[in-house]
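> predicted coordinates and the sequence they were generated for:
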Amino acid sequence: MSQPTPTPLAGAQQEVAELLSDLIRIDTTNTGDTATSAGERAAAEWVAGKLDEVGISSVIHESEPGRASLVARIEGTHRDRPALLVHGHLDVVPADPSEWSVHPFSGEQRDGYVWGRGAVDMKDMDAMTLALVRDWARTGVKPDRDIVLAFVADEEAGGRKGAHYLVDHHADLFEGCTEAISEVGGFSITVRDDLRLYLVQTA
Ligand SMILES: [Zn+2]
């Protein structure tokens with residue numbers, strides 16, 4: 001009898017919700033003012049830890065104290081091919097708990113959903129990306145080309161202290177990247193009961 005085929009990405013599916021909950025619990029509110037924005041450093045260190053666990057090394061760069069972004073490169077099999085950048089931001093817009101039925105930084109899992117600030121913008125994709133590359137590392141999957149991962153600060157207030165800073169001061173981290181993937185073509189659109197569209201936007 002042949003062995004049952006393992007479900008692709010089963011490991012990633014199992015841990016993605018927990019990763020998302022954990023990341024939501026790290027309050028990375030970005031007010032636009034560093035004095036009242038915190039948490040990106042803690043979030044970047046948490047990401048570094050999750051990558052470390054599976055042997056993926058990363059670097060953290062700060063534009064200002066606490067305004068931390070993380071970059072990692074996963075080597076592909078064909079290193080002569082251009083690299084693909086997959087990036088997400090770690091910060092979230094402010095949330096007033098009094099306006100929420102679930103605490104915005106609880107990361108609570110209820111009714112089959114993960115709740116909290118960042119659950120759709122965009123700690124969800126951060127968690128999915130992390131779960132995927134952790135699964136790759138555990139199962140020995142090597143991507144076809146280099147994958148550069150960037151988890152950046154300050155996207156919600158213009159990106160000067162995150163993506164812009166990395167490009168201005170550490171452009172070498174993105175050497176060879178010819179395409180990038182991130183959020184968000186648009187939220188899903190329900191056309192009718194049996195048809196929901198997920199848009200892809202290119203630029
Ligand atoms: Zn976003």
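Okay, I see it.
> show me which residues of the chain sit near the ion.
Contacts of the chain with the ion, taken as C-beta under 5 Å from the ion, map to 121-122. Any C-beta I mention is one placed from the backbone N, CA and C, and that applies to glycine too.
> where does the chain dip in pLDDT?
Where the chain drops to pLDDT under 70, the residues are 1-6, 185-186.
> in space, what's closest to the residue nearest the centre of it - neighbours in sequence excluded?
Residue closest to the mean C-alpha point of the chain, counted by C-alpha atoms, centre = their mean, is residue 126 at 1.8 Å. In space, and not counting its chain neighbours, residue 126 is closest to residue 88: 4.2 Å by C-beta to C-beta, 6 or more residues apart in numbering.
> returning to that earlier point: residues in contact with the residue nearest to the centre of the chain?
Residues near residue 126 by C-beta atoms under 8 Å, 6 or more residues apart in numbering: 20, 23, 47, 88-90, 151.
> ok, of those residues, which come out buried?
20, 23, 47, 88-90, 151 (16 or more other C-beta atoms under 10 Å).
> gap between residue 8 and the ion?
Going from residue 8 to the ion by C-beta to the ion, to the nearest Å gives 27 Å.
> ok, residue 57 next?
26 Å.
> name the nearest residue to that residue, ignoring sequence neighbours.
residue 72 (6.7 Å).
> circling back: out of the buried ones among the contacts of residue 126, which comes closest to the ion?
Nearest to the ion, judged by C-beta to the ion, of these is residue 89 at 5.6 Å.
> now residue 20: which helix or strand?
Element membership of residue 20 [criterion: DSSP states H and E] is helix 10-25.
> just checking, what packs against the very next helix or strand once past that helix?
Next helix or strand after helix 10-25 toward the C-terminus (DSSP H and E): helix 40-52. Other elements packing on helix 40-52 under the criterion 3 or more C-beta pairs under 8 Å, 6 or more residues apart in numbering; DSSP states H and E are helix 10-25, strand 58-62, strand 68-74, helix 123-139, strand 147-152.
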